[in-house]
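**Q** need a structure here:
(one chain, ligands or ions: 1)
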Amino acid sequence: MRELAAPAPGRCACAAGRSRGGDAVPQDGPPGPPAGPGASMLSAPQRIAHLIVGGGLAGLYAAYRLEQQGHRDTVLLEARPALGGRILSEPVDGLPERLDLGPTWYWPDLQWRLDQLVRALGLAPFEQHERGDMLLERTPHAPPMRTPAYLSAPTGLRLPGGMRSLTDALRARLGCTRILTGHSVQGLRREDAGVTVAALDAEGRTLHWRAEKVLLALPPRLAMARLDFAPALPDALARAWRDTPTWMAPHAKYVAVYARPFWREAGLSGEARSACGPLGEIHDASGPGGAAALFGFVGLPAATRQRLGEDALRLHCRAQLGRIFGPPAAEPLQEFWKDWAQDPLTAVPQDLQAPAGHHAAAPPQQPAEGPWQGRLAGIGSEWSPQFPGYLAGAVEAVERACG
Ligand SMILES: Cc1cc2nc3c(=O)[nH]c(=O)nc-3n(C[C@H](O)[C@H](O)[C@H](O)COP(=O)(O)OP(=O)(O)OC[C@H]3O[C@@H](n4cnc5c(N)ncnc54)[C@H](O)[C@@H]3O)c2cc1C
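**A** Residues are numbered from 1 along each chain as shown. Now for the predicted structure:
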């Protein structure tokens, strides 16, 4: 495999086209008069070599690889107002720190390509805190059992500033990729000259691009649910993409921030398991920038969470942390909640029936025949054969499709 070299920010010859400040680049739409809300642009679609759908890790890494290979005309369209996708790191009040509501760890012993990327981007990962005893809650009516913690092998690493530091670092190194946030791709039409892509912007205008190749940097199931393909994809491929669950889409995460990591002072690792809930699995989420925090995966099914509502669940989470770690844990200074099952840019209704903890085998990345062959490739993490659904999977899927 090729060595990763992190180009200096702005090295790209066409860096002048790069956005300043925000992610959106207003001049990137096809030329022509502005259209009113809901109107379609009548001007000819802008011709480009690569169009990337999705600005999570896979989309940003694909843009980075393409620039490294000398490609100069890539457009990346992201439906959300911000980049990152399932990577979501929220700022802590008064500290230069962010805490993860999406992915937290990667495992360098197994996922060495991702580790190489992290280090080439100048990031300094640190080990998950696991020293101290862990607690097991069997019933809310008795104190939790205390037991010596086991240290994970292989070790999980985190990033200072949260996983968002990874996508921020990739974004900072992009020179000429045109990135448009708030642009939701609606459909792809295969035509003689390539693929015409239609996207809806935040003002309700439909914009078009004509790309030689489209890279789908979103979960396969979401691509099938949100994008119209004309002509339709081959049946077997469409079925395989639709049947691939999106990793962690059914889950929700809760983070509580404190003035100090008081559990560490009591010889606890911050790790806990609970048969009572709502949090099933709890970990220390403290960062090197001074934030003391605990986070937990919510153990209740998505439908139950929806019925109970966020406010009630936060209340139960605080009460549970108080039961397990003592009264100070019931009074966080700040808390965060993210229910991924409620996010239509990650989850579709089918994901909610996926068995928890199940990594599905990767579906084929590209059509092997027909009009879409050579024009379309899936590069979201679920398309990775080795690490489907993981951050490292996004890296693998991109390298398989883009070189
Ligand atoms: C709670 C949680 C915990 C996790 N923990 C870990 C962990 O510890 N370690 C690990 O390795 N992995 C973990 N993961 C998985 C990891 O987050 C993903 O593997 C990775 O972020 C996927 O990146 P991606 O770019 O392939 O997809 P995504 O991050 O899902 O990006 C897809 C992007 O496409 C955009 N999009 C969707 N539809 C459209 C459209 N029509 N037009 C334009 N854009 C569109 C979305 O808004 C999104 O930004 C976790 C995930 C979650 C949710």
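**Q** What separation do you get for Pro363 and Gly287?
**A** 36 Å (CB to CB, to the nearest Å). In short, each C-beta sits where N, CA and C put it, glycine included.
**Q** Give me the more crowded residue out of those two.
**A** Gly287 (25 against 21; other CB atoms under 10 Å).
**Q** Skipping its backbone neighbours, what lies nearest that one in space?
**A** Leaving aside its sequence neighbours, Gly287 sits nearest to Glu97 (CB to CB, 6 or more residues apart in numbering; 4.6 Å).
**Q** where does the stretch 1-150 of the chain dip in pLDDT?
**A** 1-43 (pLDDT under 70).
**Q** what residues does it put near the ligand?
**A** 53-59, 77-80, 85-87, 102-106 (CB under 6 Å from any ligand atom).
**Q** hang on, isn't Gly299 packed against Glu281?
**A** Yes. Using CB atoms under 8 Å, Gly299 is in contact with Glu281, at 7.5 Å.
**Q** Need the overlap of contacts for these two.
**A** Listed contacts common to Gly299 and Glu281 are Ser274; contacts here mean CB atoms under 8 Å, 6 or more residues apart in numbering.
**Q** more crowded one of those two?
**A** Taking other CB under 10 Å, Gly299 and Glu281 do not tie; Gly299 has more neighbours (19 against 13).
**Q** quick one: contacts for the more buried one?
**A** By CB under 8 Å, 6+ apart, the neighbours of Gly299 are 274, 277-281.
**Q** change it to 6 Å
**A** 277, 280 (CB atoms under 6 Å, 6 or more residues apart in numbering).
**Q** Span of stretch 126-137 from start to end?
**A** 28 Å (CA to CA, to the nearest Å).
**Q** buried stuff in that stretch?
**A** Within stretch 126-137, the residues that qualify as buried are 128-130, 132-135, 137, counting by 16 or more other CB atoms under 10 Å.
**Q** Show residues contacting it.
**A** Stretch 126-137 is contacted by residues 144-149, 151, 155-156, 158, 267-269, 271-274, 276, 284, 288, 324 when judged by CB under 6 Å, 6+ apart.
**Q** just stretch 367-379 next, same as before
**A** 58, 62, 190, 195, 213-217, 220, 234, 237, 365-366, 397-398, 401.
**Q** Span of that stretch from start to end?
**A** Using CA to CA, the end-to-end distance of stretch 367-379 comes out at 13 Å.
**Q** anything in that stretch near the ligand?
**A** No. Judged by CB under 6 Å from any ligand atom, stretch 367-379 makes no contact with the ligand; its nearest approach is 7.3 Å.
**Q** same deal with stretch 205-223?
**A** Yes. For stretch 205-223, a contact with the ligand is found by CB under 6 Å from any ligand atom, at 217-219, 222.
**Q** So which bits of stretch 104-113 are buried?
**A** 104-108, 111, 113.
**Q** Measure how far that stretch is from the centre of its chain, please.
**A** 16 Å (CA atoms, centre = their mean, to the nearest Å).
**Q** Check what contacts that stretch and list those residues.
**A** With CB under 6 Å, 6+ apart as the criterion, stretch 104-113 contacts 114-115, 154, 156-158, 391-392, 395.
**Q** okay, it in CSV with CA atoms only?
**A** Listed in CSV are the C-alpha atoms of stretch 104-113, where the atom choice follows Å, rounded to 0.1, in the frame of the first residue of the first chain:
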residue,chain,number,x,y,z
THR,A,104,-14.8,7.3,20.7
TRP,A,105,-12.0,4.7,20.0
TYR,A,106,-9.9,3.1,17.4
TRP,A,107,-7.6,0.1,17.8
PRO,A,108,-4.1,0.7,16.3
ASP,A,109,-2.9,-2.8,16.8
LEU,A,110,-5.5,-4.0,14.3
GLN,A,111,-6.3,-0.8,12.4
TRP,A,112,-2.9,0.3,11.4
ARG,A,113,-3.9,2.2,8.3
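**Q** Contacts only, for Ala312.
**A** Contacts of Ala312 were listed using CB under 6 Å, 6+ apart, and none were found.
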